[in-house]
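J.: would you be able to build a 3D model of this:
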Amino acid sequence: MNIHFERRTDRPDTQGRCVIHLRATFDGQGLRLATGEQCIAADWKDKQGWFRKSFTDLDNATLRLKAQRNRLEDAYST
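T.: As a prediction, this is how the structure comes out:
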């Protein structure tokens with residue numbers, strides 16, 4: 001299973017923040033889930049698919065995204 005995060009730039013809100021999506025591919029199938037996290041372009045590293053250190057809520061957002069990744073891995077590892 002391949003899991004990564006991406007910032008969806010096609011629908012920013014009025015403050016310029018875009019939703020972070022979890023993308024997973026496995027067995028030839030794809031899955032995209034909204035994580036509930038949002039950030040502006042200056043707070044996101046596109047190549048790494050992760051927040052910059054300058055992101056205000058970095059520690060909490062990191063914990064939430066890692067928890068979502070772990071839940072997905074647990075659900076599809078059986």
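
J.: gap between residue 49 and residue 14?
T.: Distance, residue 49 to residue 14, using C-beta to C-beta, to the nearest Å: 25 Å. Just so you know, the C-beta spots here come from the backbone N, C-alpha and C atoms, and that holds for glycine as well.

J.: who's more crowded, those two?
T.: residue 49 (16 against 5; other C-beta atoms under 10 Å).

J.: gap between that one and residue 15?
T.: In this view, residue 49 and residue 15 are 22 Å apart by C-beta to C-beta.

J.: again with residue 4
T.: In terms of C-beta to C-beta, residue 4 sits 25 Å off from residue 15.

J.: same question for residue 7.
T.: Here the criterion is C-beta to C-beta. By it, residue 7 lies 14 Å from residue 15.

J.: and those two? which has more neighbours close in?
T.: The neighbour count for residue 7 versus residue 15, taken as other C-beta under 10 Å, is higher for residue 7 (22 against 7).

J.: could I get the contacting residues of that one?
T.: 18-21, 39, 41, 44, 46 (C-beta atoms under 8 Å, 6 or more residues apart in numbering).

J.: now, which of the residues you listed lie within strands?
T.: Using DSSP state E, the subset of the contacts of residue 7 located in strands is 18-21, 39, 44.

J.: closest to residue 76 out of the residues you listed?
T.: For the ones in strands among the contacts of residue 7, the minimum distance to residue 76 (C-beta to C-beta) is 16.9 Å, reached by residue 21.

J.: name whatever forms a beta bridge with the closest one.
T.: residue 6, residue 34 (DSSP bridges).

J.: wait, isn't it in contact with residue 6?
T.: Yes. If you go by C-beta atoms under 8 Å, residue 21 and residue 6 touch, sitting 5.5 Å apart.

J.: which SSE is residue 25 in?
T.: strand 18-26 (DSSP states H and E).

J.: helices or strands next to that strand in the packing?
T.: For strand 18-26, the contact count by 3 or more C-beta pairs under 8 Å, 6 or more residues apart in numbering; DSSP states H and E identifies strand 2-7, strand 29-39, helix 58-76 as packing neighbours.

J.: mind putting the ones you listed into JSON lines with mean pLDDT?
T.: Output for the helices and strands packed on strand 18-26, formatted as JSON lines (pLDDT from 0 to 100):
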{"stretch": "strand 2-7", "mean pLDDT": "95"}
{"stretch": "strand 29-39", "mean pLDDT": "94"}
{"stretch": "helix 58-76", "mean pLDDT": "94"}
